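>>> Sequence first, then the predicted structure, then my questions.
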Amino acid sequence: MLLTSSHTVRGDGTRDGDTPGPGAVPALSVRGLTKTYRGGFTAIEALDLDIPDGAFFGLLGPNGAGKTTLIGAVCNLVRLTAGEIRVFGHGHESREARRLVGLAEQEINLDRFLNIGEMLVYHAGYHGIGRREAQRRARELLDLFKLGSKANSRHTELSGGMQRRLLLARALMHRPRLVILDEPTAGVDVELRAEIWGYTRMLNELGATILLTTHYLEEAEALCQEIALLRSGRIIARGSPEALRLQFGVGDLAGVYARAMAAEDGARAAGGPP
C-alpha cells in the first residue's frame, strides 16, 4: 500500500516487526505526563491519555494549552519531567516507537541545501530505509501529493501550499502507523485545505492512526471520530463530536469549545483545579 506499512500482516492481525494487531494495544498511551520548563512554567501536569489504534483523534485547545509540548514529548523533541509515553506498546524513546511515528510539524522546517527528492531520501535514511527503496518511495509520494515535477527543486521555490504537502510526504516516508498532524492546514487556501482533508481521511481509512491538532473547529468536527479539549496542560472534556454536543447542550463544536472553556474559567474563579 502506498501510505500504510508494507510489513507482512499475519493471520492474527499482527505485523512483522510491530506490536500485536489493531485494537490489541493503544496507538498512544500517556501516563502521568508532566513537563516543567526551566524557569518553572508547567506546560503539562499529570496528563493521562489513550488513543486507540486506528482512531482519528483531535486535540483542541487555546495557544499555550500544551498541545505542542505533548507532541514534542511523543516525538522525543521535548524531555519529560515525569511520566511515561508508549507508542503501540513501545517506550517512546525506543527505535521501534520512533519508526512507528510520523510527524508533520506546524512550522515549515525544510532543508534548504537539498532538493525535495533528496530531502525525502535523506529523511528515509533515519529510519533504516535503503537508498533504492527510499528513492522509489519518494517518487510515489511526490506523485501522490502532486509534486512530481518539483523533485529537483528546492523547497524555497515552492508555494506555501506545496510546502505543506511536502511536510506530509516527508512524514509518510517510512510508513508510520501513528501520524501526527500539527496544524496541517494553517494558512492554506480553501482548495488545499480540502485536498489535505482528503489525504488525511485516506490515511485513516488505510489503517493509520491520526492525531490532529487544529484551531479550525469545523475541521475537527468534519474529520475526527473523537476529540479532547486541552487547557493548561489538562484534558477538560473528551468524546465524539456528537457526545460532546449532547454533553454541553449545543449544536456544534464551536459551542462545545466555548462552554467547556467558560466552565473551566468558572471553576478556576471558584477555586477549583488550576
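Nice, I can see it.
>>> in this protein, which residue is closest to the centre?
Centroid check for the chain by Cα atoms, centre = their mean gives I180 as the closest residue, at 1.4 Å.
>>> Shouldn't V179 be within a strand?
Yes - under DSSP: H, G, I helix; E, B strand; the rest coil, V179 falls within a strand.
>>> my read: it touches L172, true?
Yes - assessed by Cβ atoms under 8 Å, V179 is found in contact with L172 at 7.1 Å. Placement of C-beta: from N, CA and C, glycine included.
>>> if we can go back for a sec, looking at the residue nearest to the centre of the chain now. What's its pLDDT?
Predicted confidence (pLDDT) for I180: 98.
>>> What residues are bridge-paired with it?
I180 has the following beta-bridge partners by DSSP bridges: L103, L211.
>>> residues touching it, list them.
Contacts of I180 were listed using Cβ atoms under 8 Å, 6 or more residues apart in numbering, and they are I71, V74, C75, V101, G102, L103, A104, A171, L211.
>>> and it, how far is that from A55?
Using Cβ to Cβ, to the nearest Å, one gets 12 Å for the distance from I180 to A55.
>>> Repeat that for V74.
Separation of V74 from A55 (Cβ to Cβ): 15 Å.
>>> between these two, who's got more neighbours?
Taking other Cβ atoms under 10 Å, V74 and A55 do not tie; V74 has more neighbours (23 against 20).
>>> which residues sit in contact with that one?
L28, V30, I85, V87, H92, V101, I180.
>>> How many residues are close by S240?
S240 has 12 neighbouring residues, counting by other Cβ under 10 Å.
>>> I figured it hits I227, correct?
Yes - with contact defined as Cβ under 8 Å, S240 counts as touching I227 (7.4 Å).
>>> returning to that earlier point: just the contacts of V74: which are in strands?
Among the contacts of V74, the residues falling in strands (DSSP state E) are L28, V30, I85, V87, V101, I180.
>>> Report how many residues lie close to the fifth one.
V101 sits with 25 neighbouring residues when counted by other Cβ under 10 Å.
>>> how near is it to G271?
According to Cβ to Cβ, V101 and G271 sit 39 Å apart.
>>> what do you get for the first one?
With distances defined as Cβ to Cβ, the gap from L28 to G271 amounts to 33 Å.
>>> Compare these two and say which is more crowded by neighbours.
It is L28, of L28 and G271, that has more neighbours when counted by other Cβ under 10 Å, with 26 against 7.
>>> Tell me what that one is bridged to.
Beta bridges link L28 to I51, V87, judged by DSSP bridges.
>>> higher neighbour count, V179 and L172?
More neighbours surround V179 than the other of V179 and L172, with 27 against 24 (other Cβ under 10 Å).
>>> State the distance from that one to A171.
6 Å.
>>> can you list residues touching both of those two?
The contact lists of V179 and A171 share G102, L103, A104, where a contact means Cβ under 8 Å, 6+ apart.
>>> Let me know how buried the last one is, in neighbour terms.
Okay, so that is A104. Other residues near A104 come to 22 when the count uses other Cβ under 10 Å.
>>> In contact with K35, which residues?
K35 is in contact with T42, A43, I44, G66, T69, A73, V78, L80, T81, G233, counting by Cβ under 8 Å, 6+ apart.
>>> The third one belongs to a strand?
This means I44. Yes - assigned with three-state DSSP, I44 falls within a strand.
>>> pretty sure it contacts Y37?
No - I44 lies out of contact with Y37 (Cβ under 8 Å); the separation is 10.3 Å.
>>> Tell me which of those two has more neighbours.
Using other Cβ under 10 Å, the more surrounded residue of I44 and Y37 is I44, with 25 against 11.
>>> Who is that one paired with across the strands?
Taking DSSP bridges, one finds K35 as the beta-bridge partners of I44.
>>> what's the spacing between it and L77?
Look at I44 and L77: by Cβ to Cβ, they are 14 Å apart.
>>> Low-confidence ranges, this protein, go.
The model of the chain has pLDDT under 70 over residues 1-23, 272-274.
>>> And the strands in it, which stretches?
28-36, 42-51, 56-60, 82-87, 90-91, 101-104, 178-182, 209-213, 226-231, 234-239.
>>> and those strands as TSV, adding distance to G148?
Formatted as TSV, the strands of the chain follow (distance: least, Cβ to Cβ, whole Å):
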stretch	distance to G148
strand 28-36	33
strand 42-51	33
strand 56-60	28
strand 82-87	31
strand 90-91	34
strand 101-104	19
strand 178-182	22
strand 209-213	25
strand 226-231	35
strand 234-239	40
